[in-house]
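Chemist: Sharing a model prediction with you, sequence too.
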Amino acid sequence: MANFNAFTFIGNRQAGVDPTHDDIEQFNHFMAQRCLAMKKGYEAHANGMNTDQFFALPKEIQCYAYTSFDGQYLSAKWKLSKKATADTHNDMVKMVMAVLACSRNDAECYLRHGNIDKDKMEEIYIKLYEPENIKFRKKKGKS
């Protein structure tokens, strides 16, 4: 079982640290490529490296090919799943329905066409239905 950590490897590319002997020996192109593809704007680079010819290269050459990204901002993070985005959207629709007393169809239409400021809607919802969650500013002056 290899101990190759693609996130650490890509992080080292950002820092410009040369690949270690262990990185070269345990290099996993598939995982490094997936990690690189998570970074917005680098999908095309990851797709360009996804060829049979690149996979046929020795591990050492594959590993050193990633050093071309040294010094670039490559903080790779997991993207939100579609379910998490859908849950957020459903929560916002429910807030709009409660505040405006409208149907689900109308609320989705308002959101789709950008007729509602989401931050303002959330603020109003909290004031109306969750007053215990209101954040107050601290007083200025002597304590």
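Modeler: Thanks, I have it.

Chemist: Now do stretch 43-53, average pLDDT.
Modeler: Averaging pLDDT along stretch 43-53 yields 81.

Chemist: Kindly report the domain assignment for the chain.
Modeler: Following automatic domain parsing, one gets these domains for the chain: 6-69, 82-133.

Chemist: can you list the weak-confidence ranges in this protein?
Modeler: Low-confidence segments of the chain (pLDDT under 70): 1-2, 71-84, 134-143.

Chemist: if we can go back for a sec, tabulate the domains of the chain (a markdown table), appending mean neighbour count.
Modeler: (Glycine included, C-beta is placed from N, CA and C.) Compiled in a markdown table, these are given as follows (neighbours: other Cβ atoms under 10 Å):
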| stretch | mean neighbour count |
| --- | --- |
| domain 6-69 | 15 |
| domain 82-133 | 13 |
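
Chemist: Look up how far A46 lies from K40.
Modeler: 11 Å (Cβ to Cβ, to the nearest Å).

Chemist: Sorry, slip of the keys, the one I care about is D70.
Modeler: Distance from D70 to A46, by Cβ to Cβ: 16 Å.
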